[in-house]
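Q: Predicted coordinates and the sequence they were generated for:
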Protein chains: 2
Amino acid sequence: PASPEPDPRLDLTFTRTIDVPREHVWAAWTRPEYIKQWFTPAPWRTVDCEIDLRPGGAFRTVMESPDGQQFPNVGVYLEIVDNEKLVWTNAMTPGWRPANIDGDNDFAFTAMIELESKGEETVYTATVIHRDEEGRKRHEAMGFYEGWGAALDQLVALARTM
Amino acid sequence: PASPEPDPRLDLTFTRTIDVPREHVWAAWTRPEYIKQWFTPAPWRTVDCEIDLRPGGAFRTVMESPDGQQFPNVGVYLEIVDNEKLVWTNAMTPGWRPANIDGDNDFAFTAMIELESKGEETVYTATVIHRDEEGRKRHEAMGFYEGWGAALDQLVALARTM
């Protein structure tokens, strides 16, 4: 379905034009060996990644803090349009079972990456929609803009080497 | 993805062979005018239905109790394989926002209808997978088997008239 207009109460979104072709951006988002190189702002790292690129398939990552603590995440892909749109959520688990989301640092979200070509560049839009305002606020307070922005810098640096 | 084996702690499932072709069963599940005729065991009725048959599209129904109280439900389609497999959940809302599921009579689930042809008949399997054991227990105690069984009787009666 077409993406609705973001709701500022519930959603976080930003758009940036980046000077790499969208095929490289798509590769960076959909290949585990690339995800591990850019997905987590340094000095954190992504030490493991599994991608089953189909609706209902798993998107798993393991992030590691500078002191070596590991944080596994699992999501499920919802929509995949090659080189254009990638949508996943942490509200479902592989096989379509609804996820159990609780805990003080957890919130339900769906994330969308949308890519548009503009000459040799790519208009990159990231949107994260949350179940409720509390989830949006918590995600924003965790540093959504800084974190996703720094990760995108890393993605661009990687994409330039492709 | 292939359906995993049901987990008796979390899932409810039954299989019945019915003497109607699977194309008619599929039509009964995917057209609002049919849903209204069979979906709710009498004397309850389904008084409204909206179907946007694509991944992320809405499956809305309004059930009405014998004393005229209305109960709206909204789900989202996850997987659609014509005449074979229909998967939807109440854990997401149209546009892929995670649903807010709370309230004493509410629980998160994903439902799957699988159809297999056997001569002129159809092997009909309904599976509902829940987020947690509490959801499965609540759904079972609400009369899942009786309710879905009675509704299927109504579906078969309707499909015979197609």
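A: That came in fine, so what should we check first?

Q: Can you confirm whether the longest strand seen in chain A lies near chain B?
A: As assigned by DSSP state E, the longest strand anywhere in chain A is strand A:70-81. Yes: part of strand A:70-81 sits near chain B under the criterion C-beta under 8 Å from any C-beta of the partner chain, namely A:78, A:79. Heads up, the C-betas are built off the backbone N, CA and C, glycines and all.

Q: and residue A:130, how many neighbours?
A: 23 (other C-beta atoms under 10 Å in any protein chain shown).

Q: gap between the residue nearest to it when sequence neighbours are not counted and residue A:92?
A: Closest residue to residue A:130 apart from its sequence neighbours, by C-beta to C-beta, 6 or more residues apart in numbering or on different chains: residue A:136 at 4.3 Å. Distance of residue A:136 to residue A:92, given as C-beta to C-beta, to the nearest Å: 19 Å.

Q: Could you check which of these two is surrounded by more residues?
A: A direct count of neighbours by other C-beta under 10 Å for residue A:136 and residue A:92 places residue A:92 higher, at 27 against 22.

Q: what are the bridge partners for that one, then?
A: residue A:98 (DSSP bridges).

Q: residues in chain A within reach of chain B, list them.
A: A:1, A:3-4, A:10, A:52, A:54-57, A:78-79, A:87, A:89, A:91-92, A:94-101, A:108-110, A:112, A:129-132.

Q: Name all residues that make contact with the residue lying closest to residue A:100 once chain neighbours are set aside.
A: Excluding the flanking residues, the one nearest residue A:100 by C-beta to C-beta, 6+ apart is residue B:131, at 5.5 Å. Applying C-beta atoms under 8 Å, 6 or more residues apart in numbering or on different chains to residue B:131 gives the contacts A:97, A:98, A:99, A:100, B:10, B:91, B:107, B:108, B:109.

Q: Centre-most residue in chain A?
A: Taking C-alpha atoms, centre = their mean, the centroid of chain A lies closest to residue A:111, which sits 5.9 Å from it.

Q: For that one, give the beta-bridge partners.
A: Under the criterion used (DSSP bridges), residue A:111 bridges to residue A:88, residue A:128.

Q: Now do the top helix by length along chain A: everything it contacts.
A: Criterion DSSP state H: the longest helix present in chain A is helix A:144-160. By C-beta under 8 Å, 6+ apart, the residues outside helix A:144-160 that reach it are A:12, A:14, A:16, A:18-21, A:24-25, A:27-29, A:34, A:37-42, A:124, A:126, A:128.

Q: State the number of residues packed around residue A:98.
A: Neighbour number of residue A:98 under other C-beta under 10 Å is 25.

Q: Might one say that it is in contact with residue B:91?
A: Yes: under the criterion of C-beta atoms under 8 Å, residue A:98 makes contact with residue B:91 at 3.8 Å.

Q: overlap in contacts of these two?
A: A:91, A:92, B:101, B:108, B:109, B:110, B:131.

Q: Buried among those residues? Need that as a selection in ChimeraX.
A: For the buried members of the shared contacts of residue A:98 and residue B:91, the matching ChimeraX selection, counting by 16 or more other C-beta atoms under 10 Å in any protein chain shown, is:
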select /A:91,92 /B:101,108,109,110,131
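
Q: got TSV for the shared contacts of residue A:98 and residue B:91, with pLDDT too?
A: Below are the shared contacts of residue A:98 and residue B:91 laid out as TSV (pLDDT from 0 to 100):
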residue	pLDDT
A:91	95
A:92	96
B:101	84
B:108	94
B:109	96
B:110	97
B:131	93
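
Q: Is it possible to get TSV of the shared contacts of residue A:98 and residue B:91 that adds distance to residue A:46?
A: Formatted as TSV, the shared contacts of residue A:98 and residue B:91 follow (distance: C-beta to C-beta, whole Å):
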residue	distance to residue A:46
A:91	21
A:92	21
B:101	30
B:108	29
B:109	32
B:110	28
B:131	27
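
Q: what about stretch A:126-135, how long is it end to end?
A: 17 Å (C-alpha to C-alpha, to the nearest Å).

Q: Low-confidence bits of chain A, can you list those?
A: A:1-4, A:103-105 (pLDDT under 70).

Q: where do the strands sit along it?
A: Counting by DSSP E, the strands of chain A are A:11-18, A:45-51, A:58-64, A:70-81, A:85-89, A:92-93, A:97-98, A:109-118, A:121-130.

Q: Which strands or helices does the last one pack on?
A: In terms of contact count using 3 or more C-beta pairs under 8 Å, 6 or more residues apart in numbering or on different chains; DSSP states H and E, strand A:121-130 is assigned the packing partners strand A:11-18, helix A:22-30, strand A:109-118, helix A:133-141, helix A:144-160, strand B:97-98.
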